[in-house]
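>>> Just need the structure, nothing else, for what follows:
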Amino acid sequence: MNNPNSELDAWLAGEDIFDQSLTVPEDWVAGFDADRQLVVLKVGPFKRLFLRPGNFNKRFYHQLYPLKIETWPYRRQIKLFEDFCTLDITLDIRFQATLIYVQKNAEQLDSINLHIKQLYADVIEDKISQELSKLADGSWVQNGLSRHENRIAISICELLTQQHIQAEALCHIAVTFVDFPEVQLGKDSVYLHVLKKTFELNQQKHAELQRQQQLDHQQALQAKQQELEHLKQLAEMRRQIQLQDAETQIQLLQDKEQQLERQREVERRIHTEQINHEQQLKEINFDIEMRVQQQLEARQRLIETQQMTDKLAHQALLEDKQTVAEINRRAVAKRRWQEVENSDVTENNAGENP
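This next block holds a predicted model:
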């Protein structure tokens, strides 16, 4: 703490003691990447996450998720010294999820920034409350609030960075006094220091209560941190289970593929045997049809031969009958002729012998 007498002398000399009390803020490089994109490779049950490389070519099994730089405004107002002093905290946080964080929280990929806000809102609130609780002693009235602003910003950046979230924060605390709205912090610090002393007696009666509240707050913070660690362990267990399930699914698919290949081989063999069997049946049927056809043709030829034989026999019989009839006719004619000749002879003989 600065010497009050030297500070009073400087103030009486017209120097700006507020500017002298300011500390240079620490440099914090977040390392944001405005073009950071996450690639999700998904083939069946297999899934892998990686950052988009420079020469990346998107395929049908790729999904792109931009990891945007999110701005998270935080506003809070507190009152000190029985509402004599009002502090307006303006905190602007900019953050961006890293590959490691997304891999641990892959199930929240569609709303990763909202997930971060919801998960760490209470923790950030606790960090800010821890730092603001240090303002109760009133030393900031003389020294200013830049040190507390820097500590709030740095503590939040460290908190998020430890969780693999790149972040930067800017904190500003504005002060107003209810009875002295024109009083400026730093320039009127001697006067404010005198006013602060009037509240110290009232603060002492609240010291024990604040100590108990701080203890309860620390216990609650520890419980939340334990709960957060438990959630991280559960998330890791879920990730391991999902990985194991994916490997099991891949093995099942490989087994099913082998089974289907064996089934197709058996079906091809059965189909080949069926075709061969049908071919053999066709050949047998063809042989039978050929033999039947040959038998029918032989029978037909036999019938035709028999019919020809019968026809020839019938013609021969007819010719024999015609021959016999001709012979008989000739015999009858000859006999008649002889009879006529005999009759003529008889008549001639009778004429000669009257």
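>>> Would you map the helices across the stretch 201-350 of the chain?
Taking DSSP state H, counting those that start in this stretch, the stretch 201-350 of the chain contains no helices at all.
>>> What ranges in it fall below the confidence cut-off?
Counting by pLDDT under 70, the ranges of the stretch 201-350 of the chain that qualify are 201-205, 344-350.
>>> all strands for it, in order.
Applying DSSP state E, counting those that start in this stretch to the stretch 201-350 of the chain gives no strands.
>>> So which residue is dead centre in this structure?
Compute the mean C-alpha point of the chain, and by CA atoms, centre = their mean the closest residue is residue 42, 5.5 Å away.
>>> how about the nearest residue to that one, chain neighbours excluded?
Excluding the flanking residues, the one nearest residue 42 by CB to CB, 6 or more residues apart in numbering is residue 61, at 5.9 Å. Where you see a C-beta, it was placed from the backbone N, CA and C, and this is true even at glycine.
>>> I'd guessed the one you found sits against residue 39; true?
No. With contacts counted by CB atoms under 8 Å, residue 61 stays clear of residue 39, the gap being 10.2 Å.
>>> more crowded one of these two?
Taking neighbours as other CB atoms under 10 Å, residue 61 and residue 39 compare with residue 39 leading, 17 against 11.
>>> Ramachandran angles for the more buried one?
Torsion angles at residue 39 (phi, psi; degrees, to the nearest 10) stand at phi -110, psi 130.
>>> Surely it touches residue 52?
Yes. Assessed by CB under 8 Å, residue 39 is found in contact with residue 52 at 5.0 Å.
>>> Averaged pLDDT, stretch 176-186. What do you get?
Here stretch 176-186 scores 59 as its mean pLDDT.
>>> Kindly report the same for stretch 58-67.
85.
>>> now for it, what's the gap between its first and last residues?
Taking CA to CA, to the nearest Å, the first and last residues of stretch 58-67 lie 17 Å apart.
>>> Name the residues of that stretch that come out as buried.
Across stretch 58-67, burial judged by 16 or more other CB atoms under 10 Å covers 65, 67.
>>> tell me which element residue 117 falls in.
Counting by DSSP states H and E, the element that carries residue 117 is helix 112-133.
>>> Quick one: residues in contact with that helix.
65, 67-68, 70, 72, 74, 76, 78, 87, 89, 91, 93, 95, 97, 101-102, 105, 108, 148, 151-152, 155-156, 159-160, 163, 165, 210, 214, 217, 220-221, 224-225, 228 (CB atoms under 8 Å, 6 or more residues apart in numbering).
>>> Give the rounded mean pLDDT of the helix or strand following that helix.
Downstream of helix 112-133, the first helix or strand assigned by DSSP H and E is helix 140-143. Averaging pLDDT along helix 140-143 gives 72.
>>> From the contact counts, what lies against helix 140-143?
Helices and strands touching helix 140-143, by 3 or more CB pairs under 8 Å, 6 or more residues apart in numbering; DSSP states H and E, are helix 189-352.
>>> helices and strands around the helix it packs on, which ones?
helix 4-12, strand 46-51, helix 99-104, helix 112-133, helix 140-143.
>>> Among the ones you listed, which comes closest to residue 252?
Closest approach to residue 252 among these (CB to CB): strand 46-51, 12.5 Å.
>>> Parallel or antiparallel, which strands does the helix or strand that that closest one is followed by pair with?
Using DSSP H and E, the next helix or strand after strand 46-51 towards the C-terminus is strand 62-66. Here strand 62-66 is paired, per DSSP bridges, with strand 37-43 (antiparallel).
>>> Sort out which residues of the partner strand are buried, please.
Those would be 38-40, for strand 37-43 by 16+ other CB under 10 Å.
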